[in-house]
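Trainee: My questions concern the predicted model and sequence given below.
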Amino acid sequence: MTLVSLLDAELAYGDLPLLDGAGLTVTEGERIGLIGRNGTGKSSLLGVIAGATALDGGEIKRRDGLHVVRVEQEPVLPPAAHLHDSLLLRGHIPSMADERERWRVEARLTEFLHRFGVDGTRLPASCSGGERKRAALALAFALEPDLLLLDEPTNHLDIDGIEQVEDMIVAEARGSRAAIVITHDRRFLDRVATRIVELDRGALHSYPGNFTQFEDRKQVELEAEATARRRFDKFWAQEEAWIRKGIEARRTRNAGRVTRLEMLRSERSARRERIGTARLALDAGERSGKRVAELRGVSKSFGGRAIVRELDLIIQRGDRLALIGPNGAGKSTLLKLILGELAPDAGTVKLGSNLAVAYFDQLRAQLDEDRTVAQTVSPGGDWIEVAGSRKHVMSYLGEYLFPPRRANAPVKTLSGGERNRLLLARLFALPANLLVLDEPTNDLDIESLELLESVLAGYSGTLLLVSHDRAFLDAIATQSLVAEGEGMWREYAGGYSDWVVQRPAPVVAAPAAPSAAPSVPRRSERVKLSFNEQRELAALPAALESLESEQQALLAKMSAADYHTTGAAQMKSDSERAADIERLLEEKLARWMALEDKAKAAAERS
C-alpha cells in the first residue's frame, strides 16, 4: 500500500530549485536510502514529507491517518526537568487521548532509552550531541510510526550504536512500517536500504537495491550522460565556428541556423551542470625516519579510570593505523599520547626523526571563526604552494568546491560539510609525512568520501585515523588498534571487517552446576565435533551457495527496469525475502566459521 506520493514537486531556496518537478512514491515496508551532494535539499525533502515544509508547487498525497516521525540532524529537546519528560513533550505523548496507549508508549520509551544507553534523568540542556541524537532515536522507535524519517542518524554515534540503529530499522520495517534515511554511511546503506533514491539537480532518481547495486547502475548512467554531453558540446562548438566566419558569411548566413544557435546557447546556459567533484591532492613532504613512534608500557588514567594500560606499540613509516572503539574509550587521548602532546602516567613515548605532522581534529578547533575561507587556507596572500606547485587561492579553493563568492565568507557561516572540506584544504596544503585524521568523514557526502579515500590511498606518508565509518576504515587502514575495555588496546591486521573476523568470540558464562566440583572434560573432548556438527559442517557450503544464488536472482529481478510494475504486494514480499536471505547468510557464515575453527582445533590437539 502506498504511504506517500510526491507529484511534480517544486521547492526553491535561492537561485536553484531544490525540487524541480520531482516525483516519489513510498510504499509499506520500504527502507529508502536518500542520498545526494550536500546542499541539494535532502533535509528539506524530509521536511516536506513530514509536513513541516510547504511545497512551492506540485502536490503531496499521504495515506489517511499516516503516522510520520522525523529525527533531525540536530534534534531539539523541549525544556524540562528531566530528559525523559522532555522527550514526552517532544512526542506529544501527554496529549494522547487514549490513556492505555499513552502508558504503553511511555513504557516503550523507557525500554528504548535503556537500549540506547541514555539516562532519562539527565537535564536536557546538559546532554551532548550524541546523547540528544540517541534520545531522539529512542523516542522515534517508541512511537512506532508508519513512516520513520531519519536525517543523518549515524552522526555522533560509535560503531556499536550505528549497528544497533541498523538492527532496529530492519526489524521495524519487516512489518508494514517504512523508513527514509539520509546518510553518507555506505555500509549502513548496504545493510538497511531496499531502495536508493538520489536527489540530483532537483530531480529524484530511484534505484532498487542497496548502495553497492546503486553504484553499479549509476556508473553506467554517468558514462551515458557524459557521452551525450560531449556530443552536444561538439555540435554547439561547430555552430559557434560557423556563425563567426566573418563579414561575408554573416551577410549570407541562414536565419534559421542563427535561431538554432541561439536556442543551443540558451539550452547550454540553462542546463544545470552536475555538481563539481573536489580535486584533492596531498603532499607527503620529506620522508620521516623509518620508526615514527614507539610506545613502551604506556598507561594513562583520568579520575581513576584507565584510558590506556601498559600499551606497547610501534608505528613505522607508511603505516595506516585505525583506532577503533566506542565513544569515550579514549581514542583522541591515545592520539595525543602517540604524538607526544600528552604525557603518560607510566611508560615511555619516543617519536621518530624528521616528522612533519598535520592534524585534522574532531572539533575543528584549528578554524578561526572570524577569518574568511581564503584567509584560513592562505593567511599570507593570494598564492599558495601545494605539492611543489604555485596556485592562486581562488583556484585552490575551487578544487574543494568553494566558489569565488564563498572565498570571502567568514568561517562561522559555513556548514559542517564545508568546514570539513576547508580544514582538509588547509591541511593538504601543508607538506606532512604524518597525517592525523580524527573523524574526518563527518558531514562529508559520499562522493567526497570516496575521493578522500582515493587520495589517501596514494599518500606515501604515515596515517593515524579515527573514524566510525566502517567502509572508510576498510578502504584505508593497514592495521587497527582496538579498545577492548578497562584501558586495554590490542592491535589487529587490516581494517574494521578484518578485525570483526579476527576478534575473540565473546565469553558467555555457563550456569553453575549444582555440585561444588563439576567434572572437567578431557582436553580432546572440549573441541571435538559431534556427529551432528560434522554433518552440519559438511552441509553448510551447499546451503550458503544456494542462498547466494537465490539472492543474486532476487536482486537481478528487483533491479530490472520494469520491476515497479509488479505491484506493491510483490515488492514488499521480495524486500522481506531479501532481508531474510541477508540475515540467514550472516548466521550460516558465522556458524560455518565457528565449526571450522572447532574442527581445526580438534585436529591440532588429536
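Mentor: Sure thing, it's come through. Numbering: from 1, shown residues only.

Trainee: which residues sit in contact with the closest residue to residue 56 other than its chain neighbours?
Mentor: If the residues on either side of it in the chain are set aside, residue 56 comes closest to residue 10, at 4.6 Å by Cβ to Cβ, 6 or more residues apart in numbering. Using the backbone N, CA and C atoms, a C-beta is placed for each residue, glycine as well. Neighbour list for residue 10: 17, 19, 20, 21, 22, 55, 56, 57, 58 [criterion: Cβ atoms under 8 Å, 6 or more residues apart in numbering].

Trainee: out of those residues, which are inside strands?
Mentor: 17, 19, 20, 21, 22, 57, 58 (DSSP state E).

Trainee: OK, contacts around the last one?
Mentor: Spelled out, it's residue 58. Here residue 58 is in contact with 6, 7, 8, 9, 10, 19, 21, 22 (Cβ under 8 Å, 6+ apart).

Trainee: The last one bridge partners, please.
Mentor: The residues paired with residue 22 through beta bridges, assigned by DSSP bridges, are residue 9.

Trainee: Would you confirm that it contacts residue 202?
Mentor: Yes. In this structure, residue 22 is within contact of residue 202 by Cβ atoms under 8 Å, at 6.5 Å.

Trainee: more neighbours, these two?
Mentor: Neighbours of residue 22 and residue 202, each counted by other Cβ atoms under 10 Å, are more numerous for residue 22; the result is 24 against 19.

Trainee: Model confidence for that one, exactly?
Mentor: For residue 22, the model assigns a pLDDT of 93.

Trainee: and the gap between the residue nearest to residue 43 when sequence neighbours are not counted and residue 537?
Mentor: Residue nearest to residue 43 in three dimensions, not counting chain neighbours: residue 151, with 5.5 Å by Cβ to Cβ, 6+ apart. From residue 151 across to residue 537, the span is 45 Å (Cβ to Cβ, to the nearest Å).

Trainee: How about residue 293?
Mentor: Using Cβ to Cβ, residue 293 is found at 44 Å from residue 537.

Trainee: How about residue 78?
Mentor: 56 Å.

Trainee: So these two - more neighbours on which side?
Mentor: residue 537 (17 against 12).

Trainee: From the chain's centroid, how far away is the host helix or strand of that one?
Mentor: Secondary structure assignment for residue 537, by DSSP states H and E: helix 531-558. Distance of helix 531-558 from its chain centroid, counting by Cα atoms, centre = their mean, to the nearest Å, is 30 Å.

Trainee: Now the next helix or strand after it: buried residues?
Mentor: Of the helices and strands lying after helix 531-558 in sequence (DSSP H and E), the nearest is helix 568-605. Residues 568, 571-572, 574-575, 578-579, 581-582, 585, 588, 591-592, 595, 598-599 are the ones in helix 568-605 that count as buried (16 or more other Cβ atoms under 10 Å).

Trainee: Skip the chain neighbours and tell me the closest residue to residue 75.
Mentor: residue 136 (3.7 Å).

Trainee: which strands and helices sit next to the host helix or strand of that neighbour?
Mentor: According to DSSP H and E, residue 136 maps onto helix 129-142. Under the contact criterion of 3 or more Cβ pairs under 8 Å, 6 or more residues apart in numbering; DSSP states H and E, helix 129-142 touches strand 68-71, helix 83-90, helix 99-115, strand 147-151, helix 159-172.

Trainee: quick check: mean pLDDT across it?
Mentor: Per-residue pLDDT values over helix 129-142 give a mean of 91.

Trainee: Need the per-residue pLDDT for the residue nearest to residue 56.
Mentor: On the pLDDT scale, residue 10 gets 93.

Trainee: which regions of the chain sit below the pLDDT cut-off?
Mentor: 14-15, 173-175, 232-286, 362-366, 387-388, 506-529, 559-561, 597, 600-606 (pLDDT under 70).

Trainee: And for residue 444, the neighbour number?
Mentor: By other Cβ under 10 Å, 22 other residues sit near residue 444.

Trainee: What residue, apart from its backbone neighbours, is nearest it spatially?
Mentor: Closest to residue 444 by Cβ to Cβ, 6+ apart is residue 420, at 5.6 Å.

Trainee: helix, strand or coil for the one you found?
Mentor: At residue 420, secondary structure determined by DSSP: H, G, I helix; E, B strand; the rest coil is helix.

Trainee: mind listing what it touches?
Mentor: Contacts of residue 420 were listed using Cβ under 8 Å, 6+ apart, and they are 364, 440, 442, 443, 444.

Trainee: Same check on residue 585?
Mentor: 544, 547, 548, 551.

Trainee: Bridged to residue 17, which residues?
Mentor: Residues in a beta bridge with residue 17, per DSSP bridges, are residue 12.
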